[in-house]
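Enquirer: got a sequence here, can you model it:
(one chain, ligands or ions: 1)
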Amino acid sequence: MSNLNPSHILQIGFGFFASKALLSAVELGLFTELSKKSMTGREIAGALGLDARAVPDFPDALVALGLLQRAGSGDGARYANTPESGMFLDRNSSDYVGGILEMANDRLYRFWADLTEALRTGMPQNETKRSGEPMFAKLYEVPERLEQFMNAMSGISAGNFRAFAQKFDFSKFGTLCDVGGATGQLSCMVAAANPHMRCTSLDLPNVVPIAIRKIAQAGLSERVTAIGGDFFADPLPRADVITMGMILHDWNLAKKKALIRKAYDALPDGGAFVVIEALIDDERRENAFGLLMSLNMLIEFGDAFDYTGADFAAWCREAGFRRFAVIPLTGPSSAAVAYK
Ligand SMILES: C[S@@+](CC[C@H](N)C(=O)[O-])C[C@H]1O[C@@H](n2cnc3c(N)ncnc32)[C@H](O)[C@@H]1O
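Expert: Residues are numbered from 1 along each chain as shown. This is a model prediction of the structure:
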């Protein structure tokens, strides 16, 4: 008799049950409501406009998944946020990461239904699927989608940028340019943690007003500037440190190498080029999130892909960089550094 069992297989196979329960809870604002006070199932249904059938299954499933707490049982049971869901899933929390989950719910959840087609064809399965338009132009043509994408990036990147701003040794450097800097979040976190640093956040022109607003809200307009540009068409601004957060993974190998070359040209000798990504482990066996993120790049772009620290070092060596390091950040993400 074999003592093998299929539970691991079945848990992954039905992973979308759990995923969608969380994504719907974020969409409905459940964690934001519960941050005001604990609620019974009936109160939750009333506050969120749910059918009576939704309770108690929906909140109890979230309890079983470790995303809510429950005191008592039956009709009088009261549901509350866990410490993590209160901190990271309440829309009014400064640590809210739900932006990426809102985008996962609105866009990626549906696009991943076509993963098999992506695997067969190598073609994107998102909004560009039928038109073949460039991804960012298509994404940003609707202002709400641009805003949603910006919130998504802030949600997924906040922890990594905060860790990078604290762990990286900025003492020998004075200026930083964050290429594809979106809301200016990395620049703001580096400037806040390192008072001697001046930072520039470069992104496409329609992103710049959002970055200017966020930088002003952080009170950092004196040391953080947002500028518009096209990182393929224009040279990069000169800086001691060039950072790219989840930029190289958006492009194919030729474009990755073109961006690496531009970073090299913009740095002084001794300058640092830093990428922040869900860097895949060199053996390509362990970082499941990084490997799945690479499949997400297939869904979003077709020929784009994530990569290992060893891949990054090899491409950078070709461009002339001489020394390399990897700094683990949060969860599956790392900073890979190449020094000129
Ligand atoms: C995946 S997001 C990464 C945002 C941010 N660095 C982060 O890690 O959270 C990619 C960013 O690259 C920007 N971008 C795309 N094409 C660009 C181009 N040709 N020139 C400048 N920025 C571009 C997008 O607007 C977007 O903000």
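Enquirer: does stretch 253-260 reach the ligand?
Expert: No - Stretch 253-260 is not in contact with the ligand by CB under 6 Å from any ligand atom; minimum separation 9.4 Å. From N, CA and C alone the C-beta is placed, and that goes for glycine too.
Enquirer: identify each buried residue in stretch 257-275, please.
Expert: Using 16 or more other CB atoms under 10 Å as the test for burial, stretch 257-275 gives 257, 259-260, 262-264, 266-267, 271-275.
Enquirer: contact partners of that stretch?
Expert: Here stretch 257-275 makes contact (CB atoms under 8 Å, 6 or more residues apart in numbering) with 164, 168, 172-173, 177, 179, 231-232, 235-245, 247-248, 251, 312, 315-316, 318-321, 335-340.
Enquirer: and if you look at stretch 113-132?
Expert: Here stretch 113-132 makes contact (CB under 8 Å, 6+ apart) with 107, 111-112, 134-135, 138-139, 295, 298-303.
Enquirer: next: stretch 219-235.
Expert: 179-181, 184, 187-188, 191-192, 197-205, 207-208, 211-212, 215, 218, 237, 247, 255, 258-259, 262, 265-266.
Enquirer: list the contacts of the residue of the stretch 1-150 of the chain found nearest the ligand.
Expert: At 4.6 Å from the ligand, residue 136 is the closest residue in the stretch 1-150 of the chain, using CB to the nearest ligand atom. Shown in contact with residue 136 (CB under 8 Å, 6+ apart): residue 204.
Enquirer: helix, strand or coil for residue 37?
Expert: The local conformation at residue 37, judged by DSSP: H, G, I helix; E, B strand; the rest coil, is coil.
Enquirer: so which bits of this structure are right by the ligand?
Expert: 136, 153, 157, 180-182, 203-204, 207, 230-232, 245-247, 250.
Enquirer: could you flag which of the contacts of stretch 219-235 are buried?
Expert: Neighbour counting with 16+ other CB under 10 Å marks 179-181, 184, 187-188, 191-192, 197-204, 207-208, 211-212, 215, 218, 247, 255, 259, 262, 266 as buried within these.
Enquirer: now, which of those residues lie within strands?
Expert: 179, 198-203 (DSSP state E).
Enquirer: in a markdown table: those, plus pLDDT.
Expert: What follows is those, written out as a markdown table (pLDDT from 0 to 100):
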| residue | pLDDT |
| --- | --- |
| 179 | 98 |
| 198 | 98 |
| 199 | 98 |
| 200 | 98 |
| 201 | 98 |
| 202 | 98 |
| 203 | 97 |
